[in-house]
Structures are given as C-alpha cells and as structure tokens.
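Q: from the sequence below, what's the structure:
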Amino acid sequence: MLSTRIGELAALGTACCWTISALSFETAGKRIGSLATNLIRMALATVFLTTLHAVRQGGLLPFDAGAHAWGWLGVSGLVGFTFGDLCLFKAFVYIGPRLASVVMCLAPPFAALFGWLFLGERLGALDLAAMSLIGCGVAAAIAARAPGAPNPLPGTDVSELSPDAPAASASGHRARGLLLAAGGALGQAGGLVLSKIGMGTFDPFAATQIRVIAGFGGFLIVALALRWGGRMKTALADRPAVRWATLGAIFGPFLGVGLSLIAVQRTSAGVAASLMAITPILILPVVVLLGRERFSVASLGGALLAVGGVALLFA
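A: Numbering: from 1, shown residues only. Predicted coordinates for the structure are as follows:
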C-alpha cells in the first residue's frame, strides 16, 4: 500500500522537514531579520542543490530540462518563494502571525482549485472530506492558542519591510492584512501548481534547483531595492544566525521543497498542499517540550482533527 502512496508520504516528509526549517528560521530571523535569513538560506540552498546536481548528473545546472521547464519552474519560484513569502511577512505587520497563519490554511483549497482549473485534477468525496478535516484542524489549533503566546511558526522582524508600519492590532488595517495573508496562500498554492506544470516527469530535485535559483534572484532584487548591503554584512557576521539559517536551508528549500515536488508529481496538488499544511501541528509538541507553550484543550482537539484528516487520506 505504501508504494502507491509515494506522493502522500513525500508530502508528510515535507511537513516534517518544514517543522525543523520553521524553528531554525524563527531563531535566525529573530537575530538578523527574515529578509536576511531568506537570502542566506536561499543562497545556501542554491549551493546545495547545484552540488547535488553536479554529483548526480555531472553538470552544474539542469540545462536538459528545456525552455518549457525553466520558464514555468522559474515563475513558480518567483510566485511561491518571493511573492508568497513577502505577502506573508507584510501580513504579519497588520494582523500578526497567528491570524495570518490561519488565513494561510486557504493554501490547500487554492491548490485544489488551481489543480482542477489548469491540470484537470479531480478529487473524490473522501479526499475533499479529509482535506476539510486537515484544514479545520490546523486552523483550530492555531486560532485556539492563548493571546500573547509564542507563535509556533517562523518569526519575522516585520519592521525590516515596513519600519513605519502601524501596530498589528490597528482595526483599520485588518482587511489589508487579511488580503496580504490570502496573497501568501495564493503564492504557496500557485507555486505548487506552476511547479507541476513545468516539471512533468522531470527530476524533482533538479526542478527544485531551478525554483530556488529564481526565488533567490527575486529576494536579491528586493534586497537591492531596499539597499540592504550593509545589513547583509552584519547578518553574515552573526555566526549563530548563519548556522541556524544553514539548518533551515537544508530542511527547507533543499530537502523540504524537493520532497514537495515529489509530492505534487505523484499526487494531486490539493492533497499534497493539505498534508504539507500540518506543519503547525507538528511544531506544537516541539514547542511544548521546549517549555515555550502549553497545549490547550482546543488546540489539542484541532491537532487530533488534523491527524484524523491525514489518516482519512491514507484510508
């Protein structure tokens, strides 16, 4: 049975990798800011993936992918990494990471919709029910957390993108924050589906290399536009932050994203996105063990609901 569930297993592996990457990203981001952390981890991921390709294929870049794959995967990297992440970071400014993370639960239904529109993917009633359980469970677990508790998702120094931004609780900016968070969900879902269009049967890790190169280029353009040269020098001098960013690069854009492309290659985009969305559920027991947070009854119920959805997908 497991051999027929490679896509679903890869998606679960992605969620596990992103759990480690998220905690690493949070630690590094608190020291040097999220934009610097993203630049460092994307640069390192480019090096890791290029090295892997050289060892496996004997060349530095996957030129055998063809113009079609390079084009679609490049756009996927810009949409998923650059656009999606920047929208999410900006949403943190206006509505805070907890509510923004709840809105990000829209990514799986967006992925399912795009998969149906552009790839002709159809989901059965059981798949839809399982995806709904996962989405509701993740949203409930995040929303149920006590106000002021540490957020179990990657932190960000939002001032780096908008130094004069108002407090996240300002009611006049709530709608803008919700729209930006929805943009983050659209970026994540769109990146997955565009990857599937461009990748076809091509090697997922070579496809990841193309995506990461494009995403790194997008972040680099943003950093140059914000004149971040001086801040990057300071960030690179912070050795603990660079170590955490390196760990995040290994389990995030290297292993995690590679597994995510195996997932969308072997199962529908909506199912893959739903399984990847359980990352916050996997992070909760880690932060409890670290003494940073305690489970509430509601968050535990949400976690069990999401786990039930995962089990239903494998039924």
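Q: neighbours of Gly308, how many?
A: Residues within reach of Gly308, counting by other C-beta atoms under 10 Å, total 14. Yep, even glycine has a C-beta here, placed from its N, CA and C like the rest.
Q: what sits closest to it if chain neighbours are left out?
A: Spatial nearest neighbour of Gly308, excluding adjacent residues (C-beta to C-beta, 6 or more residues apart in numbering): Leu133 at 5.5 Å.
Q: just the pLDDT at that neighbour, thanks.
A: Predicted confidence (pLDDT) for Leu133: 91.
Q: ditto for Arg5
A: Looking at Arg5, its pLDDT reads 86.
Q: number of residues surrounding Leu60?
A: Leu60 has 11 nearby residues by other C-beta under 10 Å.
Q: for it, phi and psi?
A: phi -80, psi -40 (degrees, to the nearest 10).
Q: so what pLDDT did it get?
A: On the pLDDT scale, Leu60 gets 93.
Q: count the residues that sit near Leu224.
A: 10.
Q: that older thread, so how far is Ala303 from the residue nearest to Gly308?
A: Note on Leu133: its distance to Ala303, by C-beta to C-beta, to the nearest Å, is 12 Å.
Q: for Pro280, same thing?
A: From Pro280 to Ala303 the distance is 9 Å (C-beta to C-beta).
Q: which neighbours do the two have in common?
A: Listed as contacting both Pro280 and Ala303 by C-beta atoms under 8 Å, 6 or more residues apart in numbering are Ala141.
Q: the more surrounded of these two?
A: More crowded of Pro280 and Ala303, by other C-beta under 10 Å: Pro280, with 28 against 22.
Q: phi and psi next, for that one.
A: According to degrees, to the nearest 10, Pro280 has phi -60, psi -30.
Q: what secondary structure does the residue nearest to Gly308 sit in?
A: helix (DSSP: H, G, I helix; E, B strand; the rest coil).
Q: that one contacts Leu305, correct?
A: Yes - applying C-beta atoms under 8 Å, one finds Leu133 in contact with Leu305, separated by 5.6 Å.
Q: the residue nearest to Gly308 and Ile142: what is the separation?
A: From Leu133 to Ile142 the distance is 15 Å (C-beta to C-beta).
Q: between these two, which one's more packed in?
A: Ile142 (25 against 21).
Q: which element is that one on?
A: helix 125-143 (DSSP states H and E).
Q: touching, Ile142 and Val103? I think so.
A: No - using C-beta under 8 Å, Ile142 is not in contact with Val103, being 10.0 Å away.
Q: ok, Gly309 to Ser132 distance?
A: From Gly309 to Ser132 the distance is 7 Å (C-beta to C-beta).
Q: when the two are compared, which one has more neighbours?
A: The neighbour comparison of Gly309 against Ser132 (other C-beta under 10 Å) goes to Gly309, with 23 against 16.
Q: nearest spatial neighbour of the more buried one, chain-adjacent residues omitted?
A: Leu133 (3.1 Å).
Q: state the distance from the one you found to Val212.
A: Distance of Leu133 to Val212, given as C-beta to C-beta: 32 Å.
Q: which residues touch Met42?
A: Neighbour list for Met42: 81, 212, 215-216, 219, 249, 253 [criterion: C-beta under 8 Å, 6+ apart].
Q: where does pLDDT dip in the protein?
A: Low-confidence segments of the chain, defined by pLDDT under 70: 1-4, 97-98, 145-172, 291-295, 315.
Q: ranges for the helices of it?
A: Counting by DSSP state H, the chain has helices at residues 6-32, 34-57, 66-77, 84-103, 107-119, 125-143, 174-199, 204-225, 229-236, 239-249, 255-266, 269-276, 279-289, 297-313.
Q: great, nothing more from me.
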